[in-house]
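Chemist: Predicted model and sequence follow; I will ask about them next.
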Amino acid sequence: MFADRAKIVIKSGKGGNGNVSFRREKYVPNGGPDGGDGGKGGDVIFIVDDGLNTLSEFRHRHNFKAETGGDGSGRNCHGKDGADVILKVPAGTIIKEAISEKVIADMSGDNKRFVILTGGRGGRGNQHYATPTMQAPQYAQPGKAAKEIELLLELKVIADVGLIGFPNVGKSTLLSRVTNAKPKIANYHFTTLNPNLGVVDLDGGGFVIADIPGLIEGASEGIGLGHEFLRHIERTKILVHLVDVASTEGRNPIEDIYTINKELKNYNKNLENKPQIIVANKMDALFVPPGEDDPIETLKKEFEPKGIPVFPISAVSGQGIKELLYHINDVLKNFTEEPIIFEQEYFLDFSSSVYDLPYTIEYDTKEEEYVVEGKRIEKMLGYTNIASEKGFIFFQNFLKESGIIEDLEAHGVVEGDTIKMYNFKFDYFK
């Protein structure tokens, strides 16, 4: 099953906690602190796998989490670093922030490996907090928090040539004749369901060609499957526009070209500036009654003055294909534009401090106490050893500096009132 979009949630590993420990050895009556540091949490890393051509690996699994770092232990033992998560994607995958859909990274060109989330740093053990006046510190640093983000993955096929045109004009037949691709070919009126890629081998060169499905009127507005596949045209250097010159289904080739070009422009105005080649297919089925205009000459009169060459071919018999392929190859040899790499638009920022995290204050009438909860409180309680005198003083200063004391007083707290913060209760005194 081809898949060119996926939405996933990734999370790096939390850092391991530092350890509170003291040497307890025979003949060492007053051993100092020896709590080890926590290990680093695992990273989340994207790498390009040239063996992949779809995002189908992400169809049934949407959550990926790196391993948490191990906690430190006594005797200065460092916690184990958490294992990384490696996510393999095909070349051409765009990584976007899911809500804004802004680009974080383009896995194309030289960008084969991208560390998108780094694991939390391990907390320091109590050995780091010993001072001449505090020789037996009772607290250690917790590991840094994990980072989490929702991503949108989009595959924009990397091909030199994009094969476009209405359904049933012979794109799949042409692709199967000139490349090693094996697309499903039938008289489907809807469209091919997958962008098929193939390599054209020629003397002195070659190129990658992609059959872009789903282009019908209204494709740029999401009608049919066109909107799902228009993104694959963005990286191509040349557009080869197939039309049914024999009008076997009663279509007008000139109207079809203008219709699809309008859809390209509506989707991305830069697409109308890409070099185009018009391929008048189904010559083998073409019959021009006496006295009527030749459709091939009509196409040439309409588009060649605009710099768009017209090549009559038969994808079934092979007539005219060699001339077409060598012309495409010559155009590509003279192509000077750099391949399209989508620039980073979204920069991950996890630098917000604990002082920025939310909290709530409510009064419990049954217990007659003020209840303060939220990420700000939870995080700080995790950092601090309330049982130690220095830890409690540190926590008091945090409540003042972060504005929580002022907020409590605004809620009516007076001296002697009880305040509960999760499992920690204390009476309020100025």
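Modeler: Sure, I can see it. Numbers count the residues shown, from 1 in each chain.
Chemist: Surely residue 260 is in a helix?
Modeler: Yes - counting by DSSP: H, G, I helix; E, B strand; the rest coil, residue 260 is located in a helix.
Chemist: Return the helix or strand in the protein with minimum mean pLDDT.
Modeler: Per-element confidence for the chain was summarised using mean pLDDT, DSSP states H and E. The lowest value among helices and strands belongs to helix 226-229, with a mean of 56.
Chemist: what number of residues lie near residue 142?
Modeler: For residue 142, the count of nearby residues is 22 (other C-beta atoms under 10 Å). Placement of C-beta: from N, CA and C, glycine included.
Chemist: Now stretch 118-125: average pLDDT?
Modeler: Taken as a whole, stretch 118-125 has a mean pLDDT of 91.
Chemist: Quick one: distance of it to the chain centre.
Modeler: Chain-centre distance of stretch 118-125: 26 Å, with C-alpha atoms, centre = their mean, to the nearest Å.
Chemist: any residues touching it, and which ones?
Modeler: By C-beta atoms under 8 Å, 6 or more residues apart in numbering, the surrounding residues in contact with stretch 118-125 are 12-21, 33-43, 66, 69, 72, 76, 78-79, 81-82, 84, 140-147.
Chemist: distance between stretch 69-86 and the chain's centre?
Modeler: For stretch 69-86, the distance between its averaged C-alpha position and the chain's averaged C-alpha position is 29 Å (C-alpha atoms, centre = their mean).
Chemist: Contacts only, for the residue lying closest to residue 53 once chain neighbours are set aside.
Modeler: Nearest non-adjacent residue to residue 53, counting by C-beta to C-beta, 6 or more residues apart in numbering: residue 90, 5.2 Å away. Neighbouring residues of residue 90 by C-beta under 8 Å, 6+ apart: 48-50, 52-55, 107, 155.
Chemist: Show me the domain layout of the chain.
Modeler: Each domain of the chain is listed here as a residue range: 1-155, 161-333, 354-427, per automatic domain parsing.
Chemist: Could you point out which of those sits nearest residue 346?
Modeler: Taking C-beta to C-beta, domain 1-155 is the member of the domains of the chain nearest to residue 346, at 3.7 Å.
Chemist: what about the closest one, distance to the chain center?
Modeler: Using C-alpha atoms, centre = their mean, the distance from the centre of domain 1-155 to the centre of the chain it belongs to is 18 Å.
Chemist: Start the count at 18 instead of 1 going forward.
Modeler: In the new count, where the first residue is 18, that last one comes out as domain 18-172.
Chemist: can you give me the helices for the stretch 118-267 of the chain?
Modeler: 188-195, 243-246 (DSSP state H, counting those that start in this stretch).
Chemist: Okay, residue 281 and residue 352: tell me how far apart.
Modeler: Residue 281 is 19 Å from residue 352, where distance means C-beta to C-beta, to the nearest Å.
Chemist: Same drill for the two, tell me which one is more crowded.
Modeler: A direct count of neighbours by other C-beta under 10 Å for residue 281 and residue 352 places residue 281 higher, at 24 against 13.
Chemist: show me the contacts for that one.
Modeler: Shown here is residue 281, whose contacts under the criterion C-beta under 8 Å, 6+ apart are 181, 237, 247, 250, 256, 288-289.
Chemist: PyMOL command for the buried members of those?
Modeler: The following PyMOL line selects those of the contacts of residue 281 that are buried, judged by 16 or more other C-beta atoms under 10 Å:
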select buried, resi 181+237+247+250+256+288
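Chemist: ok, of the contacts of residue 281, which one's closest to residue 305?
Modeler: After measuring the contacts of residue 281 against residue 305 - C-beta to C-beta - the closest member comes out as residue 181, at 25.7 Å.
Chemist: Show me what that closest one is bridged to.
Modeler: Taking DSSP bridges, one finds residue 258 as the beta-bridge partners of residue 181.
Chemist: gap between it and residue 255?
Modeler: Counting by C-beta to C-beta, the gap between residue 181 and residue 255 amounts to 11 Å.
Chemist: and if you look at residue 408?
Modeler: Per C-beta to C-beta, residue 408 is found 68 Å from residue 255.
Chemist: Between the two, which has more neighbouring residues?
Modeler: More neighbours surround residue 255 than the other of residue 408 and residue 255, with 19 against 16 (other C-beta under 10 Å).
Chemist: Surely that one and residue 293 touch.
Modeler: Yes - under the criterion of C-beta atoms under 8 Å, residue 255 is in contact with residue 293, at a separation of 7.3 Å.
Chemist: okay, and the common contacts of those two?
Modeler: If you check residue 255 and residue 293 against C-beta under 8 Å, 6+ apart, no residue is contacted by both.
Chemist: follow-up on the earlier one: I'd like the domains of the chain written out as JSON lines, with distance to residue 360 added.
Modeler: As requested, those are arranged in JSON lines below (distance: least, C-beta to C-beta, whole Å):
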{"stretch": "domain 18-172", "distance to residue 360": "7"}
{"stretch": "domain 178-350", "distance to residue 360": "13"}
{"stretch": "domain 371-444", "distance to residue 360": "29"}
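Chemist: which one of the ones you listed lies closest to residue 362?
Modeler: Proximity to residue 362, assessed across the domains of the chain by C-beta to C-beta, is greatest for domain 18-172 (4.0 Å).
Chemist: which SS class is the residue positioned nearest the centre of the chain?
Modeler: The residue lying closest to the centre of the chain (C-alpha atoms, centre = their mean) is residue 112, at 2.1 Å. Per three-state DSSP, the local secondary structure of residue 112 is strand.
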